[in-house]
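A.B. asks: Quick one, what's the 3D model for this:
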Amino acid sequence: MSTNPHFQRVALIGFGLIGGSIARAAKLQGLASEIVTTARSEKTRARVIELGIVDKVVATNAEAVKDADLVILCIPVGACGPVAQEIAAHLKPGAIISDVGSVKGAVVKDMAPHLPQGVHFVPAHPVAGTEHSGPDSGFAELFINRWCILTPPDGTDAGAVAHLRAFWAAMGAKVEVMTPDHHDLVLAITSHLPHLIAYTIVGTADELAQVTESEVIKFSAGGFRDFTRIAASDPTMWRDVFLANKEAVLEMLGTFTEDLAKLTRAIRRGDGDALFDHFTRTRAIRRGIVEIGQDSAAADFGRQHGQLEKKP
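C.D. replies: Okay, here's the model as predicted:
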């Protein structure tokens with residue numbers, strides 16, 4: 001295995017936001033001699049053909065992975081185990097098998113038992129996305145300056161990890177390696193819990209009888225708009241995430257509930273000092289995120305996507 005990011009044949013199983021963005025970025029950067037994809041829906045496959053982004057669109061997962069050097073499952077985490085079982089007998093010896101799921105412990109547990117000796121299993125999580133889905137939603141710049149976390153199980157070939165790391169870096173991502181369990185704990189607080197809160201807040205607003213739907217939309221402030229964007233994320237994907245990472249999410253939710261109870265008591269008691277201290281601490285965290293380049297201080301409407309320059 002080499003740290004050269006190029007693969008001869010890349011197979012993408014699933015072609016939504018992430019799969020479509022990988023295809024576009026890999027094509028732009030010349031990271032694959034051939035990109036093959038499949039999708040469960042015939043309508044999606046037909047649309048991918050119309051878009052002309054990949055070299056070949058096939059009807060089955062088994063056909064997609066044939067002779068592929070890199071196979072990436074771009075599907076909900078709940079489907080990874082069954083698909084791994086389906087494609088196992090068709091994988092090329094020496095191929096790298098990966099995914100893009102937001103949960104890693106469950107993916108390793110569900111996929112690893114089905115994968116044959118001689119292939120390299122390197123799970124991955126590109127921490128990037130939008131609320132959009134489907135074959136038209138992807139764009140080549142999605143991964144620029146975003147983290148992609150690799151979670152190879154113990155004993156994974158170091159060359160395979162390095163090869164996949166180079167592939168993601170060539171698409172603009174910053175790459176980190178950690179254990180599956182540590183990944184799930186970190187993402188439970190930085191991604192999974194915020195999504196759960198967003199779904200709850202937007203649902204609560206929808207249920208308020210005193211406020212009409214038009215008023216919720218008309219008077220949406222920036223904070224609520226951010227929540228609606230997060231709450232518009234793919235329901236199937238996030239259902240699977242919460243069920244697959246249940247223990248870590250429940251642990252973080254318990255901590256959050258305790259902190260929320262403290263703020264409730266401070267408001268009830270009129271304890272302005274406690275509120276001010278809490279808001280000051282969280283403001284510093286926000287500034288830290290901006291300082292390390294994970295977000296911009298500019299208003300949403302003033303931000304622009306990074307640019308991924310085409311490889312000469």
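A.B. asks: Looks like residue 241 contacts residue 77 (just checking).
C.D. replies: Yes. Using C-beta atoms under 8 Å, residue 241 is in contact with residue 77, at 6.4 Å. Yep, even glycine has a C-beta here, placed from its N, CA and C like the rest.
A.B. asks: contacting residues for residue 227?
C.D. replies: By C-beta atoms under 8 Å, 6 or more residues apart in numbering, the residues touching residue 227 are 197-198, 201-202.
A.B. asks: could these go into TSV alongside secondary structure and pLDDT?
C.D. replies: TSV is the format used below for the contacts of residue 227 (DSSP: H, G, I helix; E, B strand; the rest coil; pLDDT from 0 to 100):
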residue	secondary structure	pLDDT
197	helix	90
198	helix	89
201	helix	86
202	helix	85
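A.B. asks: Mind putting these into a markdown table with distance to residue 54?
C.D. replies: Below are the contacts of residue 227 laid out as a markdown table (distance: C-beta to C-beta, whole Å):
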| residue | distance to residue 54 |
| --- | --- |
| 197 | 37 |
| 198 | 33 |
| 201 | 38 |
| 202 | 35 |
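A.B. asks: hey, what's in contact with both of residue 241 and residue 77?
C.D. replies: 101-103.
A.B. asks: now, among the contacts of residue 227, which is nearest to residue 67?
C.D. replies: residue 198 (41.9 Å; C-beta to C-beta).
A.B. asks: Now do the contacts for that closest one.
C.D. replies: If you count contacts by C-beta under 8 Å, 6+ apart, residue 198 has them with 226-228, 230-231.
A.B. asks: which of the residues you listed are buried?
C.D. replies: Those of the contacts of residue 198 that meet the buried threshold are 227-228, 230-231, by 16 or more other C-beta atoms under 10 Å.
A.B. asks: And those residues, which two are furthest apart?
C.D. replies: Farthest pair in the buried ones among the contacts of residue 198 (C-beta to C-beta) is 228 and 230. Separation: 7.4 Å.
A.B. asks: Among the buried ones among the contacts of residue 198, which one sits closest to residue 278?
C.D. replies: residue 227 (19.5 Å).
A.B. asks: Assumed that closest one was part of a strand.
C.D. replies: No. Using DSSP: H, G, I helix; E, B strand; the rest coil, the assignment for residue 227 is helix, not a strand.
A.B. asks: any idea how far it is from residue 260?
C.D. replies: 16 Å (C-beta to C-beta, to the nearest Å).
A.B. asks: still on that earlier bit, got TSV for the contacts of residue 198, with distance to residue 11 and pLDDT too?
C.D. replies: Formatted as TSV, the contacts of residue 198 follow (distance: C-beta to C-beta, whole Å; pLDDT from 0 to 100):
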residue	distance to residue 11	pLDDT
226	35	81
227	36	83
228	35	83
230	30	83
231	32	85
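A.B. asks: Need the phi and psi values for residue 97.
C.D. replies: Note on residue 97: backbone dihedrals following degrees, to the nearest 10 are phi -110, psi 130.
A.B. asks: Lovely, talk soon.
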